[in-house]
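J.: just to be clear, the model below is a prediction. Sequence and coordinates:
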Amino acid sequence: MTLTQETHAELREIAARYPEARSGLLPMLHLVQSVEGRVTPEGIEACAEILDITAAEVSGVATFYTMYKRKPVGDYHVGVCTNTLCAVMGGDLIFERLKGHLDVGNDETTEDGKITLEHIECNAACDYAPVMMVNWEFMDNMTPQSATQLVDDLRSGAEVSSTRGPRLGTWREAERVLAGFPDGRADEGPSAGPASLAGREIARERGWTAPSAERHDDGTATAVPEEPAEREQAVAESDDKVAQQAVVEDTSPSGETAADKDEAQ
Ligand code: FES
């Protein structure tokens with residue numbers, strides 16, 4: 001497939017967004033993927049020519065980041081997090097189940113070209129483990145059953161929404177968004193869920209606020225406690241908790257504490 005004049009124009013448009021044109025390389029590669037379904041040699045040459053860098057430099061970037069694909073990706077890129085927390089919460093089981101259900105291995109695409117399955121690393125969404133991603137949108141708290149239902153729905157063309165994001169488009173459409181051409185769906189769905197907001201809710205209930213900060217000329221800032229007396233009390237309470245915890249951890253099965261042992265010696 002040959003990149004069209006329109007795609008070349010859009011690649012230049014991306015490069016022109018940045019004071020240093022080569023800063024646009026990452027979104028430019030996403031645009032190439034949105035058009036060609038992967039990073040092709042032609043796409044690499046086009047980026048290199050526009051940015052006045054070598055094809056080897058572009059290729060070095062494209063092979064470094066795992067979001068850039070050298071093999072064609074299906075209509076939906078389905079990632080299963082198999083990093084530590086997700087793995088023990090069921091991610092490994094989900095990945096194995098999907099491999100069998102779709103009859104593909106890691107980084108392979110189903111025969112109908114619909115699903116590319118890949119095991120992926122931590123998505124910083126551990127509070128919803130085990131997590132999957134479809135075209136980089138979150139699917140939270142998955143199970144083997146909900147995972148197989150998800151890929152069946154995607155293959156059948158049913159409308160599917162991310163649990164914390166918009167309706168899912170195709171991988172190529174998502175790549176175009178990553179290139180900086182919005183699809184108008186950014187505000188669909190919740191942007192954060194209860195598990196991620198739990199800390200904020202507790203802080204609100206208890207009236208906790210961040211300390212104000214004193215800003216310095218060099219751009220750094222130092223936290224300034226609002227009420228010194230309250231702060232001292234909080235520190236004292238915190239110290240008490242730490243001391244109590246140390247006693248619990250040092251207590252031997254017989255009930256003897258480290259302090260008791262010291263005294264006995
Ligand atoms: S381990 Fe899966 S999102 Fe962090």
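T.: Happy to help now that I have it.
J.: give the helix, strand or coil label for residue 223.
T.: Of the three states, residue 223 takes strand according to DSSP: H, G, I helix; E, B strand; the rest coil.
J.: residues touching the spatially most central residue of the chain, list them.
T.: Taking CA atoms, centre = their mean, the centroid of the chain lies closest to residue 123, which sits 3.5 Å from it. Residues near residue 123 by CB atoms under 8 Å, 6 or more residues apart in numbering: 79, 81, 131, 133, 138. The way it works is simple: take the backbone N, C-alpha and C, and place the C-beta from them, glycine included.
J.: shouldn't residue 184 be within a helix?
T.: No - assignment of residue 184 by three-state DSSP gives coil, placing it outside any helix.
J.: pLDDT wise, what is it at?
T.: For residue 184, the pLDDT comes out at 92.
J.: can you check residue 125 too?
T.: Looking at residue 125, its pLDDT reads 92.
J.: I'd say it and residue 138 touch.
T.: Yes - under the criterion of CB atoms under 8 Å, residue 125 makes contact with residue 138 at 5.8 Å.
J.: compare those two (neighbour count), which wins?
T.: residue 125 (22 against 18; other CB atoms under 10 Å).
J.: quick one on the thing from earlier: take the contacts of residue 123 and keep only those in strands.
T.: Taking DSSP state E, the ones among those that sit in strands are 79, 81, 133, 138.
J.: just the residues you listed now: which is nearest residue 111?
T.: Closest approach to residue 111 among the ones in strands among the contacts of residue 123 (CB to CB): residue 79, at 19.8 Å.
J.: quick one: residues contacting that closest one.
T.: 118-120, 123, 132-134, 136.
J.: common neighbours of residue 125 and residue 138, please.
T.: residue 131.
J.: how about the residues of the chain by the ligand?
T.: By the rule CB under 6 Å from any ligand atom, the part of the chain lying against the ligand is 81, 83-86, 122-123, 125-126, 129, 131.
J.: now the buried members of those.
T.: 81, 83, 86, 123, 125-126, 129, 131 (16 or more other CB atoms under 10 Å).
J.: and the protein, what are its domains?
T.: Here the domain assignment for the chain is 5-64, 76-178, 212-250, based on automatic domain parsing.
J.: what is the rounded mean pLDDT of the shortest one?
T.: Predicted confidence along domain 212-250 averages 68 (mean pLDDT).
J.: put the alpha carbons of stretch 112-125 into PDB.
T.: Only the C-alpha atoms of stretch 112-125 are listed here, as PDB (Å, rounded to 0.1, in the frame of the first residue of the first chain):
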ATOM      1  CA  ASP A 112     -10.600 -13.700  10.500                       C
ATOM      2  CA  GLY A 113      -8.300 -10.700  11.200                       C
ATOM      3  CA  LYS A 114     -10.400  -9.500  14.000                       C
ATOM      4  CA  ILE A 115      -8.400 -10.000  17.200                       C
ATOM      5  CA  THR A 116      -4.700  -9.600  17.900                       C
ATOM      6  CA  LEU A 117      -3.900 -11.100  21.400                       C
ATOM      7  CA  GLU A 118      -0.900  -9.900  23.400                       C
ATOM      8  CA  HIS A 119       0.200 -10.200  27.000                       C
ATOM      9  CA  ILE A 120       1.100  -6.800  28.300                       C
ATOM     10  CA  GLU A 121       2.900  -5.400  31.300                       C
ATOM     11  CA  CYS A 122       1.400  -3.300  34.100                       C
ATOM     12  CA  ASN A 123      -1.100  -0.700  33.000                       C
ATOM     13  CA  ALA A 124      -1.000   1.200  36.300                       C
ATOM     14  CA  ALA A 125      -4.500   0.000  36.800                       C
END
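J.: okay, buried residues for it please.
T.: Under the neighbour-count criterion of 16+ other CB under 10 Å, stretch 112-125 has 114-120, 123, 125 buried.
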